[in-house]
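**Q** this one's sequence-less:
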């Protein structure tokens, strides 16, 4: 296989600007990837998503497995055809959502038993199932199924147990992935997941295992799950000097402007999060210098300014005022969430573009 | 003032194709006008609305008066600037919504007392207030404040009373309109409202009064309020031979493909309704030959077809399948309502374009 990641510029000390080659096209990194949980980014058409500069859309395997089911998506030509998206797509493993079900989950070495919260049906997903489901969905980048363990309430033995299982499952995912993709002319990329909680020695060991496996890329899991920003930073800083250069690095579930900066400066190439669009739908957007603007605030009721002067998104570019947006939020009009989501995504993409154009001045 | 309406083609026996001149641009008729109740068509950006071929957007005076209030809209430059719409806009009088409040309404000769259902505040609107509010909102076509009376439960005396008041209020609206617009270089157009319920003699008398008043256009009110299609047709057929040619004719609150046909063939130039977008948000769209398609139906779960083959809307044109749309509706994704609304509006606009291009073959 050809080289999948090329570094264009390195940025002191650990950041980098690069290009990731996928079968659906090149991705300029660093890049933020919005979550199209159920096949579409909430409130936006695929055209509106593309117009924000988004390069990769993430879809959630767990949600699509439950509805409409990967067989329907596959029969309709896969995710790209189903959701009308031409650019690269990524699916997660489904593990995060399954483990978030808490007491409705039973983990065995074979896989995870859980209960579909929508109808009480008993379900089971093994690492092999996750790989097969993701290949049926048809994304261009997929993620190995890992054993996520919460930061709180887990004993050292539990953490070690989940840690070891994650790597055993990675090997099973790789075997299944190779088996199912061996006849593909243009296969997707597989990311393995680094775990280890806030234990830096476990994290480093996990990174070593994952990046020396046959997985194409490195995903950093188990962060942005309740720890402080300082704790997250400590983990990212510990890993930053240790990455191989030839594999892309994907930080799961992180998506504020502040966290983007920390991640990128510590060598992360890709990030995903629901936050920019979820916040937007609740009227929370990023203004000048990424300051949070609560659009429903009374003080904006006759504010003739746009969210972020100089922003080239549709919402700011067309001159939608904070007063208009506040009104639309106050009367629960769906357009409010659409216009705010367009801005927040564009804001994240402009930050990424800024890093990509910084040519080594990222730390300034 | 220059001629405001020009007939381009007449269509046997009473229909016509024409052009209506407004200060915000010409409107090719017949045309359907979607309701942007609170300043925006629900779920769509102004750009998406324009792309469906919509020429006029209607906004509701009642809703905008209550929130954010016409003074805020005026301070932000009026409806066009507030809602980012360059093409023609129309506001209704607010009467329909006020009278729909039922027992919370008290009518005097001076005007209407009502209670704001959102907070219990006591409110009052006179015919003069309605005109002033609409001029503050800044639409290009506005409607006189009439006394609407329900079809059921009203005595003959009540109907006659509301009927006479409507015409007295029309005179007051015209006086206030002339007073407030006399210094305007480019004033909006005022529509008077024809009432009279299902009584054909009252309807004809009302039409005579309204079309011989100084109002620029004729609005047909009090239909599509619970009567049968046959009853509505009887009223429209009774009025059809009696219209003056030089004034545009606007049928309020009517918006199915079947009713559009009846209206246009009986000389109506403009119609508005929430139905195409409201139905769309509930998954009900118009397919081939305007047949209703319920997108949430189980039978569409793996249907690879678009809503209406050959339709040039974004939704059909980009190939969004009924299976994808069904999935999005079933999981309550806002994109579903957006894509369905785009289709339904474009469907209505294509019907109007078909009439406009029919050159006298409308009855075929």
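**A** Noted; the coordinates are in hand. Note that the structure is a prediction, hence the values are computed from the model and not measured.
**Q** CA only for contacts and neighbour counts going forward, please
**A** OK.
**Q** pretty sure residue A:39 is touching residue A:83, no?
**A** Yes - the pair residue A:39 / residue A:83 is scored as a contact, 5.9 Å apart, by CA atoms under 8 Å.
**Q** higher neighbour count, the two?
**A** residue A:39 (29 against 24; other CA atoms under 10 Å in any protein chain shown).
**Q** Just give me the longest helix of chain A.
**A** helix A:156-181 (DSSP state H).
**Q** Check which residues of that helix are buried.
**A** For helix A:156-181, burial by neighbour count (16 or more other CA atoms under 10 Å in any protein chain shown) applies to A:159-160, A:162-167, A:169-174, A:176-177.
**Q** how far does it sit from the chain's center?
**A** 20 Å (CA atoms, centre = their mean, to the nearest Å).
**Q** who does it touch, helix- and strand-wise?
**A** Identification of packing neighbours for helix A:156-181 by 3 or more CA pairs under 8 Å, 6 or more residues apart in numbering or on different chains; DSSP states H and E yields helix A:127-137, strand A:189-194, helix A:200-211.
**Q** and residue B:55, which of the ones you listed is closest to it?
**A** Proximity to residue B:55 (CA to CA) singles out helix A:127-137 among these, at 40.7 Å.
**Q** what angle separates that closest one from strand A:189-194?
**A** Put simply, helix A:127-137 runs at 140 degrees to strand A:189-194, going by axes from the mean of the first three to the mean of the last three CA atoms, to 10 degrees.
**Q** tell me the mean pLDDT for helix A:127-137?
**A** Per-region confidence: helix A:127-137 scores 98 on mean pLDDT.
**Q** Tell me if it is near chain B.
**A** No - using CA under 8 Å from any CA of the partner chain, helix A:127-137 never reaches chain B; the gap is at least 13.4 Å.
**Q** Output the contacting helices and strands for that helix.
**A** helix A:61-66, helix A:70-75, strand A:141-143, helix A:156-181.
**Q** circling back: the inter-axis angle of the longest helix of chain A versus strand A:189-194?
**A** Interaxial angle, helix A:156-181 versus strand A:189-194 (the same axes, to 10 degrees): 170 degrees.
**Q** Just the terminal-to-terminal distance for stretch A:305-323.
**A** One end of stretch A:305-323 sits 8 Å from the other (CA to CA, to the nearest Å).
**Q** ok, is it in contact with chain B or not?
**A** Yes - Stretch A:305-323 reaches chain B (CA under 8 Å from any CA) through A:318, A:319, A:320, A:321.
**Q** so where's the stretch 1-150 of chain A shaky on pLDDT?
**A** Within the stretch 1-150 of chain A, the segments meeting pLDDT under 70 span A:1.
**Q** Strands of that one, start to end?
**A** For the stretch 1-150 of chain A, the strands defined by DSSP state E, counting those that start in this stretch cover A:5-11, A:15-22, A:25-29, A:31-34, A:57-59, A:89-91, A:105-107, A:112-115, A:122-125, A:141-143.
**Q** tell me the pLDDT at residue A:361?
**A** On the pLDDT scale, residue A:361 gets 54.
**Q** now the helices and strands packed on helix A:127-137 as a markdown table including distance to residue A:210?
**A** Below are the helices and strands packed on helix A:127-137 laid out as a markdown table (distance: least, CA to CA, whole Å):
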| stretch | distance to residue A:210 |
| --- | --- |
| helix A:61-66 | 21 |
| helix A:70-75 | 27 |
| strand A:141-143 | 12 |
| helix A:156-181 | 8 |
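**Q** Indicate which one of those is closest to residue B:4.
**A** helix A:70-75 (53.3 Å).
**Q** does chain B sit close to that closest one?
**A** Yes - using CA under 8 Å from any CA, helix A:70-75 reaches chain B at A:72, A:75.
**Q** Which of the residues in that helix are classified as buried?
**A** Here helix A:70-75 shows A:70, A:71, A:72, A:73, A:74 as buried, counting by 16+ other CA under 10 Å.
**Q** and residue A:271, helix, strand or coil?
**A** strand (DSSP: H, G, I helix; E, B strand; the rest coil).
**Q** Okay, and the beta partners of it?
**A** residue A:32, residue A:251 (DSSP bridges).
**Q** residues near residue A:249, how many?
**A** Other residues close to residue A:249 by other CA under 10 Å number 26.
**Q** Now do the contacts for it.
**A** A:217, A:218, A:219, A:220, A:267, A:268, A:269, A:270 (CA atoms under 8 Å, 6 or more residues apart in numbering or on different chains).
**Q** Fine, thanks again, bye for now.
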